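Student: Sequence first, predicted coordinates after that:
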Amino acid sequence: MAKNLEHLLPISWKYQIHEWLKEDIPSFDIAGYVVGEKFERASLICKSHGILAGKPFVNEIFNFLSCSVSWCVDEGTEIVGDYVTVASVDGPARNILLGERLALNILARCSGIASECFKLNQKKRAKAWNGVISGTRKTTPGFRLVEKYGMIVGGCDPHRMDLSSLVMLKDNHIWSQGSIANSVKAVKEICKFALKIEVECRNFEEALEACESGADIVMLDHVKPGSIADVKSLKEKHPMVIVEVSGGINENNIEEYMIESVDVVSTGAITQSFKCVDFSLKINKK
């Protein structure tokens, strides 16, 4: 039985949904006035191939509007075929239509990200690679929670949720401190044991310096697939350090980075190049 991923969401997520509803109808709902409070049933339809993701958000939208949603497709299900009914929504006509666009917008994007993750994981299985495919922090301001949730539904790691959840020393941090060693030392004075430290490295030499300075994770940024051979030597010297590769990686070349000594492949393409899944909501004709 699949676990309920809604249990992952923070206490604030429902308030975020309510604010989005307020944004979408800041004053009069004239079209809603026309349809009124007549009780209706609407069908939520998926019109393109993809992975269904975003059910908790859709549920809360319509729950807030005194409507109910009955799903006939589980979260994370691959939907094949055109015009597949995934749920029905019951409630006053005006309220159904108040939530329609917000629900479809969230569902389209969350499912699109989950679908992109699913495709990448298919490549991972075909390659028989045991590492992790991860997203990045290249997310939409205000929409990060939905996008990270979509990654999890699609089978990818969401990576760090924010600047507070993992210490990542990037080029600007290192340059301001003068060296990787100085940067890691300064961080260790503050975070102690509770947080992992990741260092962005441009080459094998910097990665080795990061390992020797006490980094938990090294991220080789924008390295060519052919130069990743050095990672094997790095892992032999520092087997407990997690090796991540990132930068310029997408659906077309990700397999080139899936080698034995690489633990994590991260790509911003998951949240920047995905294709939305097409959904519509139609009130059933009598």
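Tutor: On my side now, so go ahead.
Student: Let me see the ranges of the helices in this structure.
Tutor: In the chain, the segments counted as helices under DSSP state H are 13-24, 30-35, 55-64, 93-127, 144-153, 171-177, 180-191, 204-213, 230-237, 269-272.
Student: Kindly reformat the ones you listed as CSV containing mean pLDDT.
Tutor: As requested, the helices of the chain are arranged in CSV below (pLDDT from 0 to 100):
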stretch, mean pLDDT
helix 13-24, 95
helix 30-35, 92
helix 55-64, 97
helix 93-127, 97
helix 144-153, 97
helix 171-177, 88
helix 180-191, 91
helix 204-213, 93
helix 230-237, 86
helix 269-272, 96
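Student: would you turn those into JSON lines with distance to Leu5 and mean neighbour count?
Tutor: To be clear about C-beta, it is placed using only N, CA and C from the backbone, and glycine gets the same treatment. Shown next, in JSON lines, are these (distance: least, Cβ to Cβ, whole Å; neighbours: other Cβ atoms under 10 Å):
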{"stretch": "helix 13-24", "distance to Leu5": "12", "mean neighbour count": "14"}
{"stretch": "helix 30-35", "distance to Leu5": "32", "mean neighbour count": "12"}
{"stretch": "helix 55-64", "distance to Leu5": "7", "mean neighbour count": "22"}
{"stretch": "helix 93-127", "distance to Leu5": "11", "mean neighbour count": "21"}
{"stretch": "helix 144-153", "distance to Leu5": "6", "mean neighbour count": "22"}
{"stretch": "helix 171-177", "distance to Leu5": "33", "mean neighbour count": "14"}
{"stretch": "helix 180-191", "distance to Leu5": "29", "mean neighbour count": "16"}
{"stretch": "helix 204-213", "distance to Leu5": "34", "mean neighbour count": "20"}
{"stretch": "helix 230-237", "distance to Leu5": "33", "mean neighbour count": "15"}
{"stretch": "helix 269-272", "distance to Leu5": "17", "mean neighbour count": "22"}
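Student: For Asn4, which of these is the nearest?
Tutor: helix 55-64 (8.5 Å; Cβ to Cβ).
Student: And the closest one, what does it pack against?
Tutor: Using 3 or more Cβ pairs under 8 Å, 6 or more residues apart in numbering; DSSP states H and E, the elements in contact with helix 55-64 are helix 13-24, strand 68-71, strand 84-92, helix 93-127.
Student: Double-check Val86 against Leu44; I have them as touching.
Tutor: Yes. Counting by Cβ atoms under 8 Å, Leu44 is a contact partner of Val86 at 5.4 Å.
Student: what touches both of these two?
Tutor: Shared contacts of Val86 and Leu44, defined by Cβ atoms under 8 Å, 6 or more residues apart in numbering, are found at Phe279.
Student: between those two, which one's more packed in?
Tutor: Leu44 (25 against 21; other Cβ atoms under 10 Å).
Student: Please report how far the more buried one lies from Ile242.
Tutor: From Leu44 across to Ile242, the span is 40 Å (Cβ to Cβ, to the nearest Å).
Student: just Gly248 next, same as before
Tutor: From Gly248 to Ile242 the distance is 20 Å (Cβ to Cβ).
Student: what's the answer for Glu198, then?
Tutor: Noted for Glu198: a distance of 8 Å to Ile242, by Cβ to Cβ.
Student: what's the answer for Ala207, then?
Tutor: 11 Å.
Student: returning to what we had before: how about the helices and strands packed on helix 55-64 in CSV, adding distance to Ile152?
Tutor: Putting the helices and strands packed on helix 55-64 into CSV (distance: least, Cβ to Cβ, whole Å) gives the following:
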stretch, distance to Ile152
helix 13-24, 14
strand 68-71, 18
strand 84-92, 19
helix 93-127, 8
